[in-house]
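Student: okay, predicted coordinates and the sequence, questions at the end:
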Amino acid sequence: MPLNIPNILTYLRILLVPVFTAVFYLPDTWLAPHWVNTLGAIAFILAALTDWLDGYLARKLNQMSQFGAFLDPVADKLMVAAALIILVAISRVGAFIALIIIGREIAISALREWMAQLGKRKSVAVSYIGKIKTASQMIAISLLLYHDRIFGIDAQWFGTLLIYIAALLTLWSMIYYLRIALPELIGRQSTG
């Protein structure tokens, strides 16, 4: 468990999950709804920024580690799942969309783990589609948590549009990864 800047940022991202979650469950008398939305969105945005920054610094500072490679996607999935569950609970995202995104994250994590056991982790490395999906998902979740208008733009409407785009990209990227892994799966079925 190397303690370096990228891993510290990943730990920070994990610690921010209960922070942005707790904000939405504070007693109504503690904060006005606008401040609940603002603080929750800020905490999520900070967590999302650490996701980008820890990977960048790991490469730039040559501080990549197996532990960091394991913990980073776990932190990402925890952050996204917690945010989506909150958004479903406060009726800003439909449960079906949340299930698509969370279900894909679990399925692809399992697929990557299985491919790693076969020594083929690189064949299911993050694709360009996955990066676009992640960006639209993070922006969508941030807007949906914030919920209020930004420079005259309805954050809920725009966030909803982006979360639907993210859900479509989620399905597309899942099909992409499954197509890559399918020959291995078929080969294992016929020999096993």
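Tutor: Yep, that arrived. Residues are numbered from 1 along each chain as shown.

Student: can you list the weak-confidence ranges in the chain?
Tutor: Applying pLDDT under 70 to the chain flags residues 1, 119-127, 185, 187-192.

Student: and the strands in it?
Tutor: For the chain, the strands defined by DSSP state E occupy 149-150, 153-154.

Student: now do stretch 5-24: distance to the chain's middle.
Tutor: Here stretch 5-24 shows a centroid-to-chain-centroid distance of 13 Å under the convention CA atoms, centre = their mean, to the nearest Å.

Student: could you do stretch 58-66 as well?
Tutor: 21 Å.

Student: start at 36 instead
Tutor: Sounds good: first residue 36 from here, last item stretch 93-101.

Student: what does it rub up against?
Tutor: The contact list for stretch 93-101, computed with CB atoms under 8 Å, 6 or more residues apart in numbering, reads 37, 39, 40, 41, 42, 92, 103. For the C-beta atoms, the positions are set from N, CA and C on the backbone; glycine is no exception.

Student: in the lengthiest helix in the chain, what's buried?
Tutor: Among the elements of the chain assigned as helix by DSSP state H, the one spanning the most residues is helix 190-226. Of all the residues in helix 190-226, those buried under the rule 16 or more other CB atoms under 10 Å are 190, 193-195, 197-202, 204-205, 207-209, 211-212, 215-216, 219.

Student: swap in stretch 74-92?
Tutor: For stretch 74-92, the neighbour count (16+ other CB under 10 Å) marks 74-80, 82-83, 85-86, 88-90, 92 as buried.

Student: thanks a lot, see you next time.
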